[in-house]
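S.K.: sequence below, structure please.
(2 chains)
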Amino acid sequence: MLSNPHRVGPTQLWNDEAIKRLFDERGGYIDPRIYTDRDIYELEQELIFGRSWLLLGHETHVPKAGDFLASYMGEDPVVVARQRDGSIKVFLNQCRHRGMRICREDFGNAKSFTCTYHGWAYDQGGTLVSVPHVERAYGTCPNKQEWSPKQARVETYKGLIFANWDQEAPSLAEWISDAGLYLDFMLDRSERGTEAIGGIQKWIIPCNWKFAAEQFVTDFYHVQYSHISGMISGLPEGMELHEVEMPTEGFQFRSQWGGHGSGFMVNNAAVLAGVMGPEAAQYWMTGPIAEEAAERLGGRDYANAPVGHHITIFPTMSALPGINTVRTWHPRGPDETEIWVFTVIDKDAPADIKELYRRQNVRTFSSGGVFEQDDGENWVEIQRVLRGFQARNTPFNLQMGIDGSTEDHPVYPGRISYVYAEDAARGFYAHWQRMLTERDWATLSLPEPAMAAE
Amino acid sequence: MRTMLRESVPPFDAQKVGVELQHEIEQFYYREAAALDRREYDIWLTMLDEDLRYFMPLRRNRLKRFDSTEFSTDDEFASFDDNYAMIKGRVRKLASDVSWSENPGSKTRHLVSNVMIAIGDEPGTYAVDSAFITYRNRAERQVDIWAGERRDVIRRSDTPYGFKISRRTILIDQTTLLSNNLSIFF
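M.R.: Coordinates of the predicted model:
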């Protein structure tokens, strides 16, 4: 049991000790108030969303100088803008004069961003360049560097754009740590990498962001029950579900550091075909780019084997390599998440495969997707149940695979267990807990205690 | 196929579109709405043609001078882009006992109005624009209300409901979709 599951006091802010009681890694207990409490949510905004690398898009969303996307880091609106020198800048979408949004479109191409309140103007990189009536109104112009929107650090990982507010945080490569290869199965199959299919779908789910992020970090387990009807929707006419070879062999990965995780079945084309159709499965597992992927990523037996592959990079970037949906779970209060979804595809893929991936992603993993629509149902109902005092003070079970049956796999990096496990979820919450209790990167960047103890 | 999603309001040609045709097509839409609201999806399938494209583009916030890019294009992501076989797959999902997002089923009411008919190029085909408001109640207290426009191409057919839908483009009046899923048809 949690040692002291619900005695913090109604007005007391969460201290480190109280946060450490919310998740018990050794026992596999989780206190559901992490999904409902407003004060915890505010701490997350500061200590997680203010210090983590957050996914904002793909480089091909902003290919040319002046191209921009409006996005979010946590609840903070930001502009993602391609510069003339090819670099990408990310800055707060906020005029420094009275705080108005300076970019009011979802995407586009602009030479500058002009606030529509009083007309302060900023260049493509977010530097203040013009203040109306400056001489008579101000005398001397406000310092243009000082009065420009806050800039975030920006780095890319094989086409994906991430940003981080914290100047002290580790680099993106260090952040991703040993999870990189699991992203590479989607992003680095060929020399030319991937491109995004145009358009980002956005919708809300009234649930805490961690339900979504946790599912993609750890949860192949729900597929066989939550998504059985999604499989049915894609069966060839006349074929019944019991004729499909259901997968049983697979692995789960927990990162050595960072709270990332992934899981997948292996060498079962039916899993991928059941979502994307047989042509896509064939392309993914045996096509010419699969050959190249095998060479680049260390061998056919493992580079092309993962199917039904899910991954979360802590905290809010998730993807399904093979299906190729990529998403950010933007928090919108303790009980709402805004989902931003796009699809990537090998740049070298033939046009008909790109079209197939586009259409099958819309059919399967989107707001109306035959798989995704059932996730929305689950998370919303959990969040509603947690309105109950008894419900949110009754711990959740996070014990699957807790007996320590993990191994070092000869080819898959990180700590590996059977595909149906919650080791990756325990890693996710352990890191969540560290982000909220360790203020100093000098200790926070050390390996996870649970992993180091091995 | 019509791909220009920002179109001017079609002129009204009283000579070609008489009261009787208007009445027939409106009655078809009322029956389609009833089939969806009563969850009689097998009947709804008889109202769809096998060359169907059921398409809901994404909608985006753009400044007025870029209005032409308000909707995503054919090669971009969408909220729906199904052919007839994909729609049949969705109906098969709904018919199963394990389609949790619609079991128990949503309570819906499809209201169709502002029906504007133009005569199509082929005999017996019509380009029909209409407005909709769809109300959904799910589980105990969830309420979603979607409004938008449907641009259809329908053709006469020798079936009990008189027409089949060959194209449906749904222009929803939301950019960020304000519901936990789109598990119903529009």
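S.K.: identify the bridge partners of the nearest residue to B:V115 once chain neighbours are set aside.
M.R.: Counting by Cβ to Cβ, 6 or more residues apart in numbering or on different chains, the nearest residue to B:V115 once its immediate chain neighbours are dropped is B:S130, at 4.7 Å. Quick note: C-beta positions are derived from backbone N, CA and C, even for glycine. Legend: beta-bridge partners of B:S130 under DSSP bridges are B:R150.
S.K.: wait, what's in contact with B:S130?
M.R.: Under the criterion of Cβ atoms under 8 Å, 6 or more residues apart in numbering or on different chains, the contact list for B:S130 reads B:Y29, B:V112, B:S113, B:N114, B:V115, B:M116, B:E149, B:R150, B:D152.
S.K.: spell out which parts of the stretch 51-200 of chain A neighbour chain B.
M.R.: Residues of the stretch 51-200 of chain A lying near chain B by Cβ under 8 Å from any Cβ of the partner chain: A:R104, A:E105, A:D106, A:F107, A:G108, A:I197, A:G198, A:G199, A:I200.
S.K.: need the buried ones from the residues you listed selected in ChimeraX.
M.R.: Listed next is the ChimeraX selection for buried residues among these, using 16 or more other Cβ atoms under 10 Å in any protein chain shown:
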select /A:105,106,107,108,197,198,199,200
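S.K.: widest-spaced pair of the residues of the stretch 51-200 of chain A next to chain B?
M.R.: By the measure Cβ to Cβ, those have their two most distant members at A:R104 and A:I197, which lie 25.0 Å apart.
S.K.: check contacts around residue 35.
M.R.: Since no chain was named, I'll use chain A. Under the criterion of Cβ under 8 Å, 6+ apart, the contact list for A:Y35 reads A:C207, A:N208, A:K210, A:F211, A:P334, A:D335, A:I382, A:Q383, A:L386, A:R392.
S.K.: the intended chain is chain B.
M.R.: B:Y41, B:I43, B:W44, B:M47.
S.K.: give me the element it is part of.
M.R.: With elements delineated by DSSP states H and E, B:A35 resides in helix B:19-37, which encompasses its position.
S.K.: immediately after that helix, which helix or strand?
M.R.: The helix or strand immediately downstream of helix B:19-37 is helix B:41-45, counting by DSSP H and E.
S.K.: go through that following helix and flag the buried ones.
M.R.: Within helix B:41-45, the residues scored as buried using 16+ other Cβ under 10 Å are B:Y41, B:I43, B:W44.
S.K.: can you check stretch B:38-55 too?
M.R.: Residues of stretch B:38-55 classed as buried under the neighbour-count rule (16+ other Cβ under 10 Å) are B:R39, B:Y41, B:I43, B:W44, B:M47, B:L48, B:D49, B:L52, B:R53, B:Y54, B:F55.
S.K.: save those as JSON lines, and put in pLDDT and distance to A:V80 too.
M.R.: Conversion of the buried residues of stretch B:38-55 to JSON lines gives the following (pLDDT from 0 to 100; distance: Cβ to Cβ, whole Å):
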{"residue": "B:R39", "pLDDT": "98", "distance to A:V80": "43"}
{"residue": "B:Y41", "pLDDT": "98", "distance to A:V80": "42"}
{"residue": "B:I43", "pLDDT": "98", "distance to A:V80": "47"}
{"residue": "B:W44", "pLDDT": "98", "distance to A:V80": "42"}
{"residue": "B:M47", "pLDDT": "98", "distance to A:V80": "44"}
{"residue": "B:L48", "pLDDT": "98", "distance to A:V80": "40"}
{"residue": "B:D49", "pLDDT": "98", "distance to A:V80": "42"}
{"residue": "B:L52", "pLDDT": "98", "distance to A:V80": "37"}
{"residue": "B:R53", "pLDDT": "98", "distance to A:V80": "32"}
{"residue": "B:Y54", "pLDDT": "98", "distance to A:V80": "32"}
{"residue": "B:F55", "pLDDT": "98", "distance to A:V80": "28"}
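S.K.: dump those residues to JSON lines, plus distance to B:E76.
M.R.: Formatted as JSON lines, the entries for the buried residues of stretch B:38-55 read as follows, by distance: Cβ to Cβ, whole Å:
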{"residue": "B:R39", "distance to B:E76": "32"}
{"residue": "B:Y41", "distance to B:E76": "28"}
{"residue": "B:I43", "distance to B:E76": "33"}
{"residue": "B:W44", "distance to B:E76": "27"}
{"residue": "B:M47", "distance to B:E76": "28"}
{"residue": "B:L48", "distance to B:E76": "24"}
{"residue": "B:D49", "distance to B:E76": "25"}
{"residue": "B:L52", "distance to B:E76": "20"}
{"residue": "B:R53", "distance to B:E76": "15"}
{"residue": "B:Y54", "distance to B:E76": "16"}
{"residue": "B:F55", "distance to B:E76": "11"}
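S.K.: nearest to chain A, of the contacts of B:A35?
M.R.: When the contacts of B:A35 are compared for distance to chain A (Cβ to the nearest Cβ), B:Y41 comes out closest, at 12.4 Å.
S.K.: excluding sequence neighbours, find me the nearest residue to the closest one.
M.R.: Once chain neighbours are set aside, the closest to B:Y41 by Cβ to Cβ, 6+ apart is B:V91, at 4.5 Å.
S.K.: which residues does the one you found contact?
M.R.: By Cβ under 8 Å, 6+ apart, the neighbours of B:V91 are B:Y41, B:D42, B:W44, B:L45.
S.K.: need the max-distance pair from these.
M.R.: Of all pairs in the contacts of B:V91, the most separated under Cβ to Cβ is B:D42 and B:W44 at 7.2 Å.
S.K.: my guess is B:Y41 contacts B:R92, does it?
M.R.: No: counting by Cβ atoms under 8 Å, B:Y41 sits too far from B:R92 to count as a contact (9.2 Å).
S.K.: so what sits opposite the residue nearest in space to the middle of chain A in the bridge?
M.R.: Residue closest to the average C-alpha location in chain A (Cα atoms, centre = their mean): A:M317, at 1.0 Å. Beta-bridge pairing of A:M317 under DSSP bridges involves A:I313, A:T328.
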